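A.B. asks: Here's a sequence, model it:
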Amino acid sequence: MRLTRKFIAALVIGVALVALVQGYLDYQRDREVFDRLLRGEAASLGRALGRGVADVWQRDGEAAARQFLDSAASKTGRVLARWVWIDAKSRHDQPRAARADLAPLLQDQIVVVRDDERRFMLTYIRVDVPEARVGALEIAQSLEQFDAYVNASLRTQVIASASAVAFAAVLALALGVVFIGRPISRLAAKARRVGTGDLSGPLRLGQRDELGELANEINLMCERLSDERGARELATEQLRHADRLTTVGKLASGLAHELGTPLNVVRGRAKLITDREVEGQDVVDSARIVVEQAERMTALIRQLLDFARPRPLQKLPVNAAGLARRVCELVATIARKGNVVLVPPAADDGGGGEDLHAEADDGQLTQVVTNLVVNAVQATPAGGEVSLACRAMDRAPPPYVGGARRTWVAIEVRDSGSGMDDATRTRIFEPFYTTKEVGDGTGLGLSISWGIVREHGGWIDVVSSPNKGSRFTVYLPTSESKKEPA
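C.D. replies: Numbering: from 1, shown residues only. Okay, the predicted model is just below:
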């Protein structure tokens, strides 16, 4: 509505200026008309009185002429006429106007002087009389009538201008709200929804102007963004699945060795049974051992297949400690192969991890934690240790996440490897950036993990120094915080 107010203010100021200019022009026109009328009236009256004064002066003398002038002037009512000498020194016969202004009388011209101080218009008309001196008629016309007319005209002009300004303001307010204020408010609301990622609901303004065109362009932009978002989400999911399969390959290489022992046990027990080298209870025991080892192998393979299988995103309360333990079981073969001790979260680490649930997709969060643990194992030398911990952390999120201080689910992966310097730490989440040898990594694991955590409304914090190991902490919203009213 600020634009509407500016539009109304500009229109009102414009109308007021137009009214002011129009009033000034009307005043000047009325003044010129009134001056012409007064001058015409004074000239006509002065010529008539001048002829009469000249005749009486010629016939009966100065005294009779003055008497005639006084008698004639008293009959006009609105006009005062008297005889003056141009060179008079007495105040009675001295003109009101300055002597310099009366010079044109010597050329027999009519002189008109405005006396704004006493509000008179003075007209001087030369009259030739039988005297050596130059005399003239001074006709004084009051400007009070003009002043009264101007005042009345100004009142009328002010009322008319105020009415015009008020009407323009009301009309501008109505039109501004209908054609500018409301459409812009709806455009702003649509822009805010687009900013939050809501591309649904096309905006229909129903007006064929610039704002209507802008609404149509925003709708087209939302359609294109929606199509691009779908393609981006599909590509992102394919990329994440490719990274998951890469991790599966790493796990499978260790799993092949892990399955060797139970397969040898199954083969040996089965051979004893088929060769009838065992009897009675030993047969039962051998069969039980075969079943146990088969179930163990089946569980390992099922874990690997569940991790590799793509699934739709579904956020549910996930037990952080339980998920961390499952990841430890999944990555155990890689840890044993690298002679690295893998320490899962303790049953009760003092942070309430057993009862701590994050609002997350189980499969994607498993991928994040698996990537972090595999990287930690690969960064840790033989004989080192990788430990996991889950706890509740009360802290304010970083600026790029935003929001108030609250409780977060923290899943911590700590290793005793070589650590990272500042230059490496600032780039580890860049796509395709890796410090591993060619063929050992794609540089996508941490980048994908970062994207998954950010989609869940959290972030990954990294603390690392050269020769002091690294600590990756995943912060996720708790399932309780999702249920709190906004």
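A.B. asks: Domains of this structure: list them as residue ranges, please.
C.D. replies: What automatic domain parsing lists as the domains of the chain is 2-151, 228-310, 315-486.
A.B. asks: Switch these over to a markdown table; also include mean neighbour count.
C.D. replies: Just so you know, the C-beta spots here come from the backbone N, C-alpha and C atoms, and that holds for glycine as well. Below are these laid out as a markdown table (neighbours: other CB atoms under 10 Å):
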| stretch | mean neighbour count |
| --- | --- |
| domain 2-151 | 15 |
| domain 228-310 | 14 |
| domain 315-486 | 18 |
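A.B. asks: Let me see the ranges of the helices in the stretch 101-250 of the chain.
C.D. replies: Applying DSSP state H, counting those that start in this stretch to the stretch 101-250 of the chain gives helices spanning 144-176, 182-195, 210-274.
A.B. asks: For Arg406, which of these is the nearest?
C.D. replies: Of all these, helix 182-195 sits nearest to Arg406, with 22.9 Å by CB to CB.
A.B. asks: Taking helix 144-176 as reference, get the angle to that closest one.
C.D. replies: Counting by axes from the mean of the first three to the mean of the last three CA atoms, to 10 degrees, helix 182-195 lies at 40 degrees to helix 144-176.
A.B. asks: could you say what helices and strands helix 182-195 packs with?
C.D. replies: Packed against helix 182-195 by the contact rule (3 or more CB pairs under 8 Å, 6 or more residues apart in numbering; DSSP states H and E) you find helix 210-274.
A.B. asks: For the helices of the stretch 101-250 of the chain, give me TSV that also has mean pLDDT and distance to Gly135.
C.D. replies: As requested, the helices of the stretch 101-250 of the chain are arranged in TSV below (pLDDT from 0 to 100; distance: least, CB to CB, whole Å):
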stretch	mean pLDDT	distance to Gly135
helix 144-176	79	28
helix 182-195	80	78
helix 210-274	71	76
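A.B. asks: Reformat the ones you listed as CSV; add distance to Phe68.
C.D. replies: Formatted as CSV, the helices of the stretch 101-250 of the chain follow (distance: least, CB to CB, whole Å):
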stretch, distance to Phe68
helix 144-176, 27
helix 182-195, 80
helix 210-274, 79
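A.B. asks: between those helices, which gets nearest to Gly280?
C.D. replies: Gly280 lies closest to helix 210-274 among those, at 12.0 Å (CB to CB).
A.B. asks: how far away is Gly384 from Val341?
C.D. replies: 7 Å (CB to CB, to the nearest Å).
A.B. asks: I'd assumed Leu199 was in contact with Leu225.
C.D. replies: Yes - applying CB atoms under 8 Å, one finds Leu225 in contact with Leu199, separated by 5.6 Å.
A.B. asks: Who has more neighbours out of these two?
C.D. replies: Legend: neighbour count by other CB atoms under 10 Å for Leu225 and Leu199, higher for Leu199 (18 against 14).
A.B. asks: Now for that one: which residues touch it?
C.D. replies: 193, 222-223, 225-226, 229 (CB atoms under 8 Å, 6 or more residues apart in numbering).
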